[in-house]
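Q: structure, please.
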Amino acid sequence: MRSVLQRLEHYLPLPLQRIGLSATVSNPTELLDWFAPVGEKRVVGSASVSTEADVTIDHVGNLENAATVISRLHRGEKRLVFCDSRSSAEQLSSMLREKEVRTFVSHASLSVSERKQAETAFGEEKDCVIVATSTLELGIDVGDLDRVLQIDSPSTVSSFLQRMGRTGRRSGSLRNCLFLTTNQDAFMLALGVTHLWSQAWVEPARPPEEPWPIVGQQILAATLERGEWPVNEVISLLTICFPELPVNGFRSTVEHMIQRAYLDSAEGLVRIGPEAEREYGRGHYRDLLASFSGTQLLTGRCGNAEVGYIDPTVLTGEEPRRLLLLAGRSWLVKEIEWAKKVVWLEPAKEGGKARWMGGARSLSREVCQGVRAALVGGAPPAVQLSQRGKIELAALQEDLALSSDADFMSRSEDSQMRTWTFAGTKQNRTYARAAANGGERIKFDALSVRAPAAALMLEDHGEKPVQLTDSELANFAEGVKFASCVPLPLLGRTIIVRMFASSGSHTSS
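A: Residues are numbered from 1 along each chain as shown. Reported below is the predicted structural model:
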């Protein structure tokens, strides 16, 4: 967006005025300096976080139990339930309807008409539940809301604040959030997020480091916009759009794109090349408008109505009757037109299945340290634990037996050493890669690493620079849009800062 605004200013007589509104940014001045590097700037209001709210964590063990709790609690009130996957949102809404709870559902894979219909109806109802993913985290007005419930936990304090902030808007009412966690990891994450919130902490907004794929995207978009233009003007624009990046990197990126035929060059001028036309030219270069690509979904239709979007992986196999769960209802698949990317549906009484592919969430070191602090010191006074929550916390504290003065805790599990680092996803990925040392793959998550004790020297692995092999670079690059527009050394820098915790990181030649 910053680059697009800079390009837009090229056509305007006066600089654009930028106005940003947020309830969850802890570093507004720093963010404003990045977003508007020149011109007059002002921050109005406070960036402080309020801890005045009714927050409870209940450990219910599974989604069916969560549905039972929701069906019995707060009857007569309007409840917004957040899930962190489309599949769990569909499953929960189906379970609630079976329990005769007036239920609506909203997520990104529903058609616009389905979502608007659910959100409008929810806004007019009183005794009902809407089950949603982050699509209702902000922006959409669903009327006076009584309760927010969270299945499991978001991965950031910022998301938690946005979701809880949908309540407490009426005079005299208090913001509230009830966590219903369905597994041990989610329970710990809820503890970590609420521990940080209780300390009035929220994540600072940080721009992405080494955004070289976005540089490639902006070169193509600006060239498509201009038709043909001098290379020196390309470099000049990039230095304005990306003042934090080195100019020699822009030159090497343009040269690389010419070599790969993403750009065509003659007499110091560049234009869109045949490879860019082949890869991005469909739909009037629509694919250039987004900096990432999602899974290619199929459109589910019932008669003339568009219901939503279906992951093709759920349609594989030789099942005689395929039943799907979409928009909180069961559907029978009648026909699949693969060429048109359309799935024809008809209503079904039996339950179906819901599945969409998605990437694993990354947790920050701060959130993981919040988990550790809660496991050592218990839930903070600002957070209430249900009786089940107290039992789960006591069991975890007894099982892990964390010491307040030790950074790590290790124990033997299945012939390997599991070390609880509470260091976050990027740091533990770095530890695991160093521990593997070219051998078998080491398992890790945001809180721990499973590796032979001799291989895991945490104090050393955290300081060594990461050097990606060619195969690692190719593997990670598959998930980076516009990666082929970037020279390998610059692409390696992008991948390392996104995926690993390292000082002085660089790629191998």
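
Q: am I right that A446 sits in a strand?
A: No. Using DSSP: H, G, I helix; E, B strand; the rest coil, the assignment for A446 is coil, not a strand.

Q: count of residues packed around the closest residue to it other than its chain neighbours?
A: Leaving aside its chain neighbours, A446 sits nearest to L363 (3.7 Å; criterion: CB to CB, 6 or more residues apart in numbering). Using the backbone N, CA and C atoms, a C-beta is placed for each residue, glycine as well. Around L363 there are 24 other residues, counting by other CB atoms under 10 Å.

Q: separation between L363 and V55?
A: 20 Å (CB to CB, to the nearest Å).

Q: go on, T194?
A: With CB to CB as the criterion, T194 and V55 are 6 Å apart.

Q: overlap in contacts, these two.
A: 179, 382-383 (CB atoms under 8 Å, 6 or more residues apart in numbering).

Q: what is the longest strand of this protein by residue count?
A: strand 329-337 (DSSP state E).

Q: then that strand to PDB, C-alphas only?
A: C-alpha atoms of strand 329-337 as PDB (Å, rounded to 0.1, in the frame of the first residue of the first chain):
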ATOM      1  CA  ARG A 329     -25.600 -26.600   6.100                       C
ATOM      2  CA  SER A 330     -25.000 -30.100   4.600                       C
ATOM      3  CA  TRP A 331     -24.800 -30.500   0.800                       C
ATOM      4  CA  LEU A 332     -24.700 -33.400  -1.500                       C
ATOM      5  CA  VAL A 333     -22.300 -33.000  -4.400                       C
ATOM      6  CA  LYS A 334     -24.200 -33.700  -7.600                       C
ATOM      7  CA  GLU A 335     -21.600 -32.800 -10.300                       C
ATOM      8  CA  ILE A 336     -18.100 -31.300 -10.600                       C
ATOM      9  CA  GLU A 337     -17.300 -29.200 -13.600                       C
END
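
Q: and the most centrally placed residue in the chain, what pLDDT?
A: The C-alpha lying nearest the average C-alpha coordinate of the chain belongs to R361 (CA atoms, centre = their mean; 6.6 Å). On pLDDT, R361 comes in at 82.

Q: surely it meets S155?
A: Yes. Using CB atoms under 8 Å, R361 is in contact with S155, at 4.7 Å.

Q: now for the two: what residues contact both?
A: With CB under 8 Å, 6+ apart as the test, R361 and S155 both reach D84.

Q: picking that back up, which ones are touching the residue nearest to the centre of the chain?
A: Counting by CB under 8 Å, 6+ apart, the residues that R361 touches are 84, 155.

Q: what about it, which SS state?
A: coil.

Q: distance of it relative to C128?
A: 29 Å.

Q: re the thing from before, so how far is E398 from the residue nearest to A446?
A: Distance from L363 to E398, by CB to CB: 24 Å.

Q: for T194, same thing?
A: 21 Å.

Q: ok, L263 next?
A: 62 Å.

Q: by mean pLDDT, point me to the weakest helix or strand of the chain.
A: helix 458-461 (a mean of 52; mean pLDDT, DSSP states H and E).

Q: buried residues, the helix or strand just after that one. List them.
A: Remark: after helix 458-461, the chain's next helix or strand is helix 470-477, criterion DSSP states H and E. For helix 470-477, the neighbour count (16 or more other CB atoms under 10 Å) marks 472-473, 476-477 as buried.

Q: farthest-apart pair in those residues, please.
A: E472 and A477 (9.3 Å; CB to CB).

Q: quick revisit: tell me which of T194 and E398 has more neighbours.
A: Neighbour totals were compared for T194 and E398, and T194 leads with 27 against 8 (other CB under 10 Å).

Q: contacts for the strand or helix carrying the more buried one, please.
A: Assigned by DSSP H and E, T194 belongs to helix 184-198. Outside helix 184-198, the residues that touch it by CB under 8 Å, 6+ apart are 49, 51, 55, 57, 59, 150, 152-157, 160-161, 179, 181, 202, 363, 366-375, 379-383, 389, 392-393, 396, 445, 447.

Q: and the helix or strand just after that helix, what does it pack against?
A: Downstream of helix 184-198, the first helix or strand assigned by DSSP H and E is helix 212-226. Packing partners of helix 212-226 (3 or more CB pairs under 8 Å, 6 or more residues apart in numbering; DSSP states H and E): helix 2-9, helix 231-241, helix 247-259, strand 263-266, strand 269-272, helix 488-499.

Q: okay, these in TSV with distance to A432, mean neighbour count and mean pLDDT next?
A: What follows is those, written out as TSV (distance: least, CB to CB, whole Å; neighbours: other CB atoms under 10 Å; pLDDT from 0 to 100):
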stretch	distance to A432	mean neighbour count	mean pLDDT
helix 2-9	34	16	90
helix 231-241	36	17	95
helix 247-259	30	18	98
strand 263-266	39	17	96
strand 269-272	42	18	97
helix 488-499	11	21	94
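
Q: which one of these lies nearest to F292?
A: Checked against CB to CB, the stretch from the helices and strands packed on helix 212-226 lying closest is helix 488-499, at 12.0 Å.

Q: where does this structure dip in pLDDT?
A: 138-143, 317-320, 357-359, 438-440, 453-464, 502-509 (pLDDT under 70).

Q: circling back: among the shared contacts of T194 and V55, which one has the most neighbours?
A: Counting by other CB under 10 Å, top hit in those: F179 with 30 neighbours.

Q: tell me what that residue is bridged to.
A: I57, Q150 (DSSP bridges).

Q: what about the residue nearest to the centre of the chain, distance to L149?
A: 20 Å.

Q: strands of the stretch 301-450 of the chain, start to end?
A: 305-310, 323-326, 329-337, 342-347, 383-385, 409-413, 416-420, 443-444, 448-451 (DSSP state E, counting those that start in this stretch).

Q: L180 and D58 touch, don't they?
A: Yes. Here L180 reaches D58: they are 5.5 Å apart, a contact under CB under 8 Å.

Q: these two - which one has more neighbours?
A: Taking neighbours as other CB under 10 Å, L180 and D58 compare with L180 leading, 28 against 23.

Q: list the contacts of that one.
A: Counted by CB under 8 Å, 6+ apart, L180 has contacts 58, 60, 65-66, 69-70, 149-152.

Q: what helix or strand is the nearest residue to it once chain neighbours are set aside on?
A: Distance criterion CB to CB, 6+ apart; nearest residue to L180, sequence neighbours excluded, is A66 at 4.3 Å. Per DSSP H and E, A66 falls inside helix 63-72.

Q: from the contact counts, what lies against that helix?
A: Against helix 63-72 (3+ CB pairs under 8 Å, 6+ apart) you get helix 86-98, strand 147-151, strand 176-181.

Q: identify, out of those, the most deeply packed stretch.
A: Among those, strand 176-181 has the highest mean neighbour count (mean count of other CB atoms under 10 Å), at a mean of 25.

Q: now that strand and helix 63-72, what's the angle there?
A: 150 degrees (axes from the mean of the first three to the mean of the last three CA atoms, to 10 degrees).

Q: from the middle of its chain, how far away would strand 176-181 be?
A: Chain-centre distance of strand 176-181: 20 Å, with CA atoms, centre = their mean, to the nearest Å.

Q: okay, it in PDB with CA atoms only?
A: The C-alpha trace of strand 176-181 is given here as PDB (Å, rounded to 0.1, in the frame of the first residue of the first chain):
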ATOM      1  CA  ASN A 176     -15.900  -9.500  27.700                       C
ATOM      2  CA  CYS A 177     -14.400 -12.600  26.300                       C
ATOM      3  CA  LEU A 178     -14.900 -16.300  27.200                       C
ATOM      4  CA  PHE A 179     -12.200 -18.700  25.900                       C
ATOM      5  CA  LEU A 180     -13.300 -22.300  25.300                       C
ATOM      6  CA  THR A 181     -10.200 -24.200  24.600                       C
END
